[in-house]
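[1] coords below, sequence missing:
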Ligand code: F0G
């Protein structure tokens, strides 16, 4: 017991103790005479929770008084809660660590809190001798990591009185923006490159009620257009140029450190418009400053046909089967390169074949099905290990898998062997299975 900030996971513990108990600002434990311990985020959150919960929950004994003394909070009474408090989303959990305006009004689908799955089979396949974890971001509410940034961006927009949001998208941002706008009672407009958006993403945007507009051009053309229109009209841009998107997406780095107790040695992830790599690096740096969790080396991976950060100049006609990262002029390209350099990592390219191969291996060895772009980080890791340019031995590696396989089912079904058909008879089934 003991993990979690008060008000977040459990309130089923004694929270504070008698005269000797103190809780200092920062990360401390408040002990209880029963021997139970609880980690507390901040004194202010202790006080806020105490205040809030005293009205609401069953408390065996009431909070009596607290006062600061020498930078410490002295709590004079025991609080015993018996209610379990459910997860309430990223802004609730990490809001105080994010640079969001005070007027922000939370719009949440309980995003984040995604699993960090140990991938021993895949680690062995890649040569073994290291720990590999998959941060499975496809398990966010709309099936991709975009929900982390979108809860922040749409919450800020709502608080500011915005009624319409807009984005350019290769699909996932569109679905996420549409969902959060729907929940906030806002209108959403999404611009997508014609014919290049996977079915699951387009279907999501439509289902959530977005006005979907196809551009006879690339993602980069669409991004230029949404920037222009939001400069002219009171519509909120929710691409990752929006700083609140970056704030929200930092939370994944926080979660990784919270689970592992430190940053990993290496972080591998796909790079498209470069918002996510920027966010992770900012998140790890912030946590390291606060909690000395260390910093990972960052391996960013682009698709070979859309790799401006590897090749140098922007790509006019980017092409890749990983349509999510089919981007020729990443808006945060400079920051991505800086993150790679500062972290003593790098940005490399993986071919479509290498990406699709990794997508298959991950599904077959670990039961984790991700969309093609989401396998790019791991494909890059495999390339580096095979080349001998990254020695993972004894290291801890986290790969970010950004979107769910269901986003792009056609990539699998178009080449698949049709499942065999048998008569509804046991003998027929036996013959098929047992030969
Ligand atoms: N993986 C997936 C599944 C994505 O959808 C994206 C970006 C990325 C990785 C790359 O992240 O842009 O922050 O470097 N998708 C954007 C979109 C462009 O419109 O959905 P990034």
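    Perfect, I can see it now. Note that the coordinates shown come from a computational prediction; the quantities given were computed from them, not determined experimentally.

[2] who does residue 136 bridge with?
    residue 401 (DSSP bridges).

[3] Quick one: residues contacting it.
    Counting by C-beta atoms under 8 Å, 6 or more residues apart in numbering, residue 136 touches 114-117, 368, 370, 401. Backbone N, C-alpha and C define where each C-beta goes, glycine included.

[4] if we go to 6 Å?
    114-115, 117, 401 (C-beta atoms under 6 Å, 6 or more residues apart in numbering).

[5] what number of residues lie near whatever residue of the stretch 1-150 of the chain ends up closest to the ligand?
    Nearest to the ligand in the stretch 1-150 of the chain, going by C-beta to the nearest ligand atom, is residue 144, at a distance of 5.2 Å. Counted with other C-beta atoms under 10 Å, the neighbours of residue 144 add up to 30.

[6] picking up where we left off before, what subset of the contacts of residue 136 is buried?
    Neighbour counting by 16 or more other C-beta atoms under 10 Å classes 114, 117, 401 among these as buried.

[7] So for this protein, the centremost residue is which one?
    Here the mean C-alpha position of the chain is nearest to the C-alpha of residue 145 (C-alpha atoms, centre = their mean), at a distance of 4.0 Å.

[8] re earlier: quick one: the buried ones among the contacts of residue 136 as a markdown table, columns for distance to the ligand and pLDDT too.
    Output for the buried ones among the contacts of residue 136, formatted as a markdown table (distance: C-beta to the nearest ligand atom, whole Å; pLDDT from 0 to 100):
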| residue | distance to the ligand | pLDDT |
| --- | --- | --- |
| 114 | 13 | 98 |
| 117 | 17 | 98 |
| 401 | 8 | 98 |
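
[9] ok, back up a step: which one of the contacts of residue 136 is nearest to residue 101?
    Of all the contacts of residue 136, the one with the least separation from residue 101 (C-beta to C-beta) is residue 114, at 26.1 Å.

[10] Now the closest one. Nearest residue, chain neighbours left out?
    The shortest distance from residue 114 to any non-neighbouring residue, by C-beta to C-beta, 6 or more residues apart in numbering, is to residue 139 (4.9 Å).

[11] now swap in residue 382 and tell me
    Nearest residue to residue 382 in three dimensions, chain neighbours excluded: residue 126, at 5.8 Å (C-beta to C-beta, 6+ apart).

[12] do residue 266 as well
    Closest residue in space to residue 266, ignoring its immediate chain neighbours: residue 397 at 4.5 Å, by C-beta to C-beta, 6+ apart.

[13] For the one you found, what is the enclosing helix or strand?
    Per DSSP states H and E, residue 397 falls inside strand 396-401.

[14] Now find how far off-centre that strand is within its chain.
    Remark: strand 396-401 is offset 12 Å from the chain centroid, using C-alpha atoms, centre = their mean, to the nearest Å.

[15] do stretch 424-435 as well
    45 Å.

[16] Number the residues from 8 up from this point.
    With the count now opening at 8, the last piece we talked about shows up as stretch 431-442.

[17] neighbouring contacts of it?
    With contact meaning C-beta under 6 Å, 6+ apart, stretch 431-442 is reached by residue 429.

[18] what is the mean pLDDT for it?
    Stretch 431-442 comes out with an average pLDDT of 95.

[19] Give me the pLDDT for the residue nearest to residue 389.
    For residue 133, pLDDT reads 98.

[20] Likewise for residue 422?
    Looking at residue 422, its pLDDT stands at 86.

[21] same question, residue 24
    38.

[22] Find the residue ranges of this protein scoring beneath the pLDDT cut-off.
    Along the chain, segments meeting pLDDT under 70 span 8-92.

[23] List the contacts of residue 136.
    Going by C-beta under 6 Å, 6+ apart, residue 136 touches residue 400.

[24] Next, it: phi, psi?
    Here is the backbone geometry of residue 136 (degrees, to the nearest 10): phi 80, psi 10.

[25] same deal with the one 3 residues further on?
    Taking degrees, to the nearest 10, you get phi -120, psi 130 for the backbone angles of residue 139.

[26] Contact residues of the stretch 208-357 of the chain facing the ligand?
    Neighbours of the ligand within the stretch 208-357 of the chain, by C-beta under 6 Å from any ligand atom: 247, 277-284, 331-332.

[27] hmm, who's touching stretch 220-240?
    With C-beta under 6 Å, 6+ apart as the test, stretch 220-240 has contacts from 173, 175, 177, 198-201, 244, 334-336.

[28] Using the three-state scheme, assign residue 195.
    Following DSSP: H, G, I helix; E, B strand; the rest coil, residue 195 is assigned to strand.

[29] and the closest residue to it other than its chain neighbours, how many neighbours?
    Distances taken as C-beta to C-beta, 6+ apart put residue 188 closest to residue 195, at 3.7 Å, once the chain neighbours are dropped. Neighbour count for residue 188, taken as other C-beta under 10 Å: 30.

[30] I'd assumed residue 114 was in contact with residue 162.
    Yes: under the criterion of C-beta atoms under 6 Å, residue 162 makes contact with residue 114 at 4.8 Å.

[31] The ligand contacts on the stretch 8-157 of the chain?
    With C-beta under 6 Å from any ligand atom as the criterion, the stretch 8-157 of the chain meets the ligand at residues 151, 153.

[32] Now with 8 Å, please.
    144, 151-153 (C-beta under 8 Å from any ligand atom).

[33] want to throw the residues you listed into TSV with secondary structure?
    Shown next, in TSV, are those (three-state DSSP):
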residue	secondary structure
144	helix
151	strand
152	coil
153	helix
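
[34] Show me the longest helix that occurs in this protein.
    Ranked by residue count, the top helix of the chain under DSSP state H comes out as helix 282-298.

[35] packing partners for it?
    Contacts defined by 3 or more C-beta pairs under 6 Å, 6 or more residues apart in numbering; DSSP states H and E place helix 282-298 against helix 250-256, helix 258-267, helix 340-349.

[36] could you redo those as JSON lines and give each row mean neighbour count?
    Below are the helices and strands packed on helix 282-298 laid out as JSON lines (neighbours: other C-beta atoms under 10 Å):
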{"stretch": "helix 250-256", "mean neighbour count": "26"}
{"stretch": "helix 258-267", "mean neighbour count": "22"}
{"stretch": "helix 340-349", "mean neighbour count": "18"}
